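Visitor: Model the structure of this input:
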Amino acid sequence: MASEHQMPASKQQPASSKIAIFEQENFQGRCHELNGACPNLKEAGVEKVGSILVHAGPWVGYEQASCKGEQFVFEKGEYPRWDSWTNSRRSDSITSLRPIKVVRAPRQPLPTRQAKDSQEHKIVLYENPGFTGKKIEIIDDDVPSFHAHGYQEKVSSVRVQSGTWVGYQYPGYRGYQYLFEKGDYKDSSEFGAQHPQIQSVRRIRDMQWHQRGAYHPIN
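Guide: This next block holds a predicted model:
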């Protein structure tokens, strides 16, 4: 088992973040486990990413070192080969990884917390840079097709008021992936897009308190 790459203690992620990287497909070959961000997998001894098992997440992988390039979002589960985590066909390379911080609802009794998970999560996507032009506002819901909601414009800037989201190049959660954490993205380059095109979006749900473990989507 390869040694883990840890962040500095002041920035270390919660112990609930854990991912296993296998150098061959179908969870074969050398296995490397991480509990925190790794800006360069090759320097950490990972020759190739052939398959991934997420014990607790979510995580985001990047095509290039230092968390740059094409993005790949991983939630708890099994990814036996590269086309199980992307269908963009541009790259099968992952060179850096980090856990995704999902803001949790305030601590409350379990039934109330489950209900609160679906409240007050909002993302606004704008046609033009600088938060101008036509816009589409999404509160809580996953949207598999912007066109079905009457929005057919490009997406050049994004404002995340709350929640953690993944935007996709094409409808049906296909194509390049773009991770949106709370904050402002004033133009498409700030969320890593070569072209201002997003046509579907979904929210990453924090279900860490669930009895089955970390991060399960709500059915």
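Visitor: Now F27: closest residue in space, sequence neighbours ignored.
Guide: Using C-beta to C-beta, 6 or more residues apart in numbering and skipping residues adjacent in sequence, the residue nearest F27 is S51, 5.1 Å away. Using the backbone N, CA and C atoms, a C-beta is placed for each residue, glycine as well.
Visitor: Look up phi and psi at that neighbour.
Guide: phi -160, psi 160 (degrees, to the nearest 10).
Visitor: S188 too?
Guide: Backbone phi and psi, for S188 under degrees, to the nearest 10, turn out to be phi -60, psi -30.
Visitor: ranges for the strands of the chain?
Guide: Using DSSP state E, the strands of the chain run over 18-24, 28-34, 51-56, 59-64, 68-74, 77-79, 96-99, 122-128, 132-139, 157-162, 164-170, 174-180, 183-185, 200-204.
Visitor: Output those strands as a markdown table; include the columns distance to F146.
Guide: Shown next, in a markdown table, are the strands of the chain (distance: least, C-beta to C-beta, whole Å):
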| stretch | distance to F146 |
| --- | --- |
| strand 18-24 | 31 |
| strand 28-34 | 34 |
| strand 51-56 | 28 |
| strand 59-64 | 22 |
| strand 68-74 | 19 |
| strand 77-79 | 26 |
| strand 96-99 | 28 |
| strand 122-128 | 8 |
| strand 132-139 | 6 |
| strand 157-162 | 13 |
| strand 164-170 | 10 |
| strand 174-180 | 13 |
| strand 183-185 | 17 |
| strand 200-204 | 7 |
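Visitor: To Y151, which of those lies closest?
Guide: strand 132-139 (4.3 Å; C-beta to C-beta).
Visitor: Mean neighbour count added to the strands of the chain, as a markdown table?
Guide: Below are the strands of the chain laid out as a markdown table (neighbours: other C-beta atoms under 10 Å):
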| stretch | mean neighbour count |
| --- | --- |
| strand 18-24 | 20 |
| strand 28-34 | 17 |
| strand 51-56 | 20 |
| strand 59-64 | 22 |
| strand 68-74 | 20 |
| strand 77-79 | 17 |
| strand 96-99 | 22 |
| strand 122-128 | 20 |
| strand 132-139 | 15 |
| strand 157-162 | 19 |
| strand 164-170 | 22 |
| strand 174-180 | 20 |
| strand 183-185 | 16 |
| strand 200-204 | 22 |
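Visitor: of all these, which lies closest to A193?
Guide: The nearest among these, by C-beta to C-beta, is strand 174-180 at 6.0 Å.
Visitor: Distance from the closest one to the middle of the chain?
Guide: Offset of strand 174-180 from its chain centre (C-alpha atoms, centre = their mean, to the nearest Å): 8 Å.
Visitor: Report the backbone C-alpha coordinates of it in PDB.
Guide: In PDB, the C-alpha atoms belonging to strand 174-180 read as follows (Å, rounded to 0.1, in the frame of the first residue of the first chain):
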ATOM      1  CA  ARG A 174     -22.600  14.300 -20.300                       C
ATOM      2  CA  GLY A 175     -19.400  15.800 -21.600                       C
ATOM      3  CA  TYR A 176     -16.900  18.000 -19.700                       C
ATOM      4  CA  GLN A 177     -17.600  18.400 -16.000                       C
ATOM      5  CA  TYR A 178     -17.200  21.700 -14.000                       C
ATOM      6  CA  LEU A 179     -17.200  21.800 -10.300                       C
ATOM      7  CA  PHE A 180     -18.900  24.800  -8.700                       C
END
